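# Fold the stuff below for me.
(one chain, ligands or ions: 1)
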Amino acid sequence: MMRRCLIMGSVASTRPLPALLLTGFLGAGKTTALNALMAARPDLRVGVIENEAGAEGVDSDLLQGAARVVEIAGGCACCTVRGALSSALELLAERTDELDLVVVEASGIADPVPIAQAFQVPAVRGAIRIAATVCVVDVPAVAAADLLPHVWGRQLRFADQVLLTKADRVSGPRLAAVRRRVREHAPHAGFVAGLDDPAVLAPGATGAPPVIDAPRASDPSASSAAGDGHGFAAHALRVATPLDAHRLEIWVREAVRRPGVLRVKGVVAVRGRRRPVVVQGTPQGVALAEARGPVSARGSRLVVIGTDLDPVALQAELDGCAGARPDRAPGAGQATTVSAPGVSA
Ligand SMILES: Nc1nc2c(ncn2[C@@H]2O[C@H](COP(=O)(O)OP(=O)(O)OP(=O)(O)O)[C@@H](O)[C@H]2O)c(=O)[nH]1
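Numbers count the residues shown, from 1 in each chain. Down below sits the predicted model:
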């Protein structure tokens, strides 16, 4: 079957099927950028492989407009669940006629090199080929960090394109400093404004292999590619009963300020509301917004990712969010209004 040319909208044969490898550190804005692409290009039939470090995937519920979503949760596609990545790619390789584009959204702590290598197995090679690797960079997070995780450097180093997000939250000089820092790691990458930028999936770019090499022994992140979680842990917390929205918001805001906590995210049922709350937290900001639909069959789930975390303590604190608000008069009834969609710092 002829496949639509990705940029011009005209019909052209593109075999193998182009794939976009989407990298970027935790909470950088990968899912948001992917949703923006699918909103801008509803004509594209996008097959998404969604990789999440937590045992409970969250992003799959937040994707809108994908033709097919394959979730790989419970570890990084570059190491712990690499076999699942191969299976997912093989699954899509059998369905290339149903798709115009494959997007692999790597977990925020994934090394892109082993992911790119998964495209080289015989069952995939020839059917799906990486057209571009885009690294999404959270500008305020980079501006605030003295030291950046090694895996972040690798994500940038193997990127063809860099997408800066949340740039409106920093001053011009700080943005310029972040661009310089990005340049040090990715001297050859271009900057794009969105995944629908022609530079990402231009017809000329389709089929071009990413520039990759094997991890070197001297590379500090090379050892982490062996499946040890890259020094980060992802804890899926139980949310057995609907929570108090106000308590939940306070807890998330406190949690992301703690040393070691890098990401809090989830889809959580709250008391008094038909729709769940989507929780988005990074050290730079927290957003709680009503989900578009009801709680999915998978129910409430919340994941905390970071280093040196105490999952038992985190679970106990979250369980405490099920209680009624202490400052509320009995019978006051409604759940606390949470922030509108968007990010509040
Ligand atoms: N202001 C602003 N907020 C953004 C932008 N991009 C993403 N966000 C917000 O950042 C938060 C995290 O976005 P996601 O798209 O879930 O990030 P992610 O990289 O997919 O996260 P992980 O998969 O957990 O690593 C959400 O609250 C988004 O609304 C942006 O360009 N500007």
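# C-alpha from now on. contacts and neighbour counts both.
Noted.
# ok, residues contacting the biggest helix by length in the chain?
Identified as the longest helix of the chain according to DSSP state H is helix 172-185. If you take C-alpha atoms under 8 Å, 6 or more residues apart in numbering as the criterion, helix 172-185 is touched by 139, 142, 143, 153, 156, 157, 167, 189.
# helix or strand right after the helix or strand hosting residue 130?
Using DSSP states H and E, residue 130 maps to strand 128-138. Using DSSP H and E, the helix or strand that directly follows strand 128-138 along the chain is helix 139-144.
# rewinding a little: please report which of the contacts of helix 172-185 has the highest neighbour count.
Ranked by the number of neighbours (other C-alpha atoms under 10 Å), these place residue 156 first, at 28 neighbours.
# Tell me which helix or strand comes right after whatever helix or strand it lives in.
Assigned by DSSP H and E, residue 156 falls within helix 150-157. With elements assigned by DSSP H and E, the helix or strand that comes after helix 150-157 is strand 161-165.
# Check which helices and strands that following strand sits against.
strand 128-138, strand 190-192 (3 or more C-alpha pairs under 8 Å, 6 or more residues apart in numbering; DSSP states H and E).
# Those into a markdown table, with extra columns for mean pLDDT?
Output for the helices and strands packed on strand 161-165, formatted as a markdown table (pLDDT from 0 to 100):
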| stretch | mean pLDDT |
| --- | --- |
| strand 128-138 | 96 |
| strand 190-192 | 95 |
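# Deepest-packed of those strands, please.
Stretch with highest mean neighbour count among the helices and strands packed on strand 161-165: strand 128-138 (a mean of 27; mean count of other C-alpha atoms under 10 Å).
# So what touches it?
Taking C-alpha under 8 Å, 6+ apart as the rule, strand 128-138 contacts 15-25, 27-30, 93, 96, 102, 116, 119, 155-156, 158-167, 200-201, 205-210.
# mind listing the helices in this structure by residue range?
Assigned by DSSP H, the chain shows helices spanning 30-40, 59-62, 82-93, 112-117, 139-144, 150-157, 172-185, 198-201, 245-255, 311-320.
# nearest to residue 262, of those?
Residue 262 lies closest, by C-alpha to C-alpha, to one member of the helices of the chain: helix 245-255, at 9.3 Å.
# Tell me which of the helices of the chain sits nearest to the ligand.
helix 30-40 (3.6 Å; C-alpha to the nearest ligand atom).
# Quick one: distance of that closest one to the chain centre.
Relative to its parent chain, helix 30-40 has a centroid offset of 11 Å by C-alpha atoms, centre = their mean, to the nearest Å.
# Same check on stretch 125-142?
Put simply, stretch 125-142 sits 11 Å off its chain's centre (C-alpha atoms, centre = their mean).
# That stretch close to the ligand?
No: taking C-alpha under 6 Å from any ligand atom as the criterion, stretch 125-142 and the ligand are apart, separated by no less than 7.3 Å.
# related to what we said a few turns ago, if we check the ligand, which of the contacts of strand 128-138 are in contact?
25, 27, 28, 29, 30, 165, 166.
# The residue of the stretch 201-345 of the chain found nearest the ligand bridge partners, please.
Nearest residue of the stretch 201-345 of the chain to the ligand, counting by C-alpha to the nearest ligand atom: residue 280, 4.7 Å away. Counting by DSSP bridges, residue 280 is bridged to residue 265, residue 287.
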